[in-house]
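>>> no letters, just coordinates:
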């Protein structure tokens with residue numbers, strides 16, 4: 001009887017794992033597929049001498065010892081690892097596991113030029129929205145003209161230009177309104193030519209996250225954190241006052257400082273209400289309770305399934321014992 005119970009439990013757990021896999025696909029981020037130019041680390045567990053770092057060629061292939069050329073483009077890292085495991089095991093039967101890790105996402109590169117702190121080439125596992133890419137490049141300089149940002153996109157032999165009023169987005173705070181970036185895009189931030197615009201740019205800060213009105217705000221000299229948050233309508237009930245981040249450009253380096261606003265509000269600690277600088281970005285995170293609630297909301301169906309399976313196992317075990 002006990003053996004029958006164990007068999008039944010195994011069958012139920014296998015069903016649970018299978019269902020959980022499809023559930024995870026619905027909640028997890030999109031699986032990355034390998035592209036041309038990606039740099040891969042291939043690790044053969046039972047034979048470290050075969051470990052390699054290889055770049056995916058323009059033909060979509062990688063060249064590895066023993067297996068030779070093999071197609072990588074279009075496969076996920078885990079799928080390619082499975083293929084390589086089968087190939088290597090033909091030469092050495094004790095090879096049972098190969099790991100493939102993408103260490104440079106060169107097939108998803110974005111170029112940022114113009115009035116940003118760190119112009120250059122940036123690669124991403126998943127290409128984010130335009131503003132996130134601009135902030136990755138150190139954020140706009142005080143001379144940036146954000147009303148005429150351009151995305152330069154190659155389409156065959158032609159070059160397409162997409163103009164975006166990034167100022168309008170910042171004032172509205174709607175990231176979904178921004179055009180989606182594609183691999184190979186170039187983001188160009190032009191320099192302002194408007195008289196007096198530099199004066200206004202010297203007083204701009206950006207406020208995002210759990211605030212009533214995310215966006216760009218003009219602030220006075222020696223403006224502090226609380227003042228900027230009040231301009232943005234204050235922190236929402238789901239905001240974490242203990243985890244407010246200030247992102248600042250320091251000589252071309254992106255420096256992130258986490259501030260506990262509760263220290264200022266409850267104890268008057270001035271370190272919890274620092275003076276801002278032009279170009280600072282303020283990000284208010286969600287509080288832990290909200291994050292936990294969202295987590296359990298996302299996984300509630302999976303948890304209910306596990307609970308049902310355990311109940312079935314318990315009832316079946318009791319029936320077997322009663323016999």
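Structure's in. What do you need? Computed from a predicted structure; not experimentally measured.

>>> could you pull out the helices for the stretch 51-200 of the chain?
77-91, 130-136, 166-172, 197-201 (DSSP state H, counting those that start in this stretch).

>>> buried residues in the first one?
Okay, so that is helix 77-91. Residues 77, 80-81, 83-85, 87-88 are the ones in helix 77-91 that count as buried (16 or more other Cβ atoms under 10 Å). Just so you know, the C-beta spots here come from the backbone N, C-alpha and C atoms, and that holds for glycine as well.

>>> who touches it?
Defining contact as Cβ atoms under 8 Å, 6 or more residues apart in numbering, one finds that helix 77-91 is touched by 32, 34, 40, 42, 44, 47, 50, 64, 66-67, 70, 72, 75, 95-102.

>>> list only those of these flagged as buried.
By 16+ other Cβ under 10 Å, those give 32, 34, 40, 42, 44, 47, 50, 64, 67, 70, 72, 75, 95, 98, 100, 102 as buried.

>>> for residue 45, see how far away the last one is.
It stands for residue 102. Distance, residue 102 to residue 45, by Cβ to Cβ, to the nearest Å: 18 Å.

>>> what's the farthest-apart pair in the buried ones among the contacts of helix 77-91?
Farthest-apart pair in those is 32 and 47; separation 25.9 Å (Cβ to Cβ).

>>> for the nearest residue in space to residue 260 that is not next to it in sequence, give me the backbone phi and psi.
Excluding the flanking residues, the one nearest residue 260 by Cβ to Cβ, 6 or more residues apart in numbering is residue 242, at 4.8 Å. Residue 242 adopts backbone torsions of phi -90, psi -10, taken as degrees, to the nearest 10.

>>> residue 242 reaches residue 261, doesn't it?
Yes: counting by Cβ atoms under 8 Å, residue 261 is a contact partner of residue 242 at 7.0 Å.

>>> more crowded one of those two?
Neighbour comparison, residue 242 and residue 261: the larger count goes to residue 261, with 21 against 15 (by other Cβ atoms under 10 Å).

>>> ok, now which ones touch the more buried one?
With contact taken as Cβ under 8 Å, 6+ apart, residue 261 is in contact with 225-226, 229, 235, 241-242, 244, 272-273.

>>> now, which of those residues sits nearest residue 166?
Among these, residue 229 lies closest to residue 166 (Cβ to Cβ), at 21.9 Å.

>>> tell me which element the closest one falls in.
Element membership of residue 229 [criterion: DSSP states H and E] is helix 225-231.

>>> what about that helix, distance to the chain center?
Centroid displacement of helix 225-231 relative to its chain, using Cα atoms, centre = their mean, to the nearest Å, is 27 Å.
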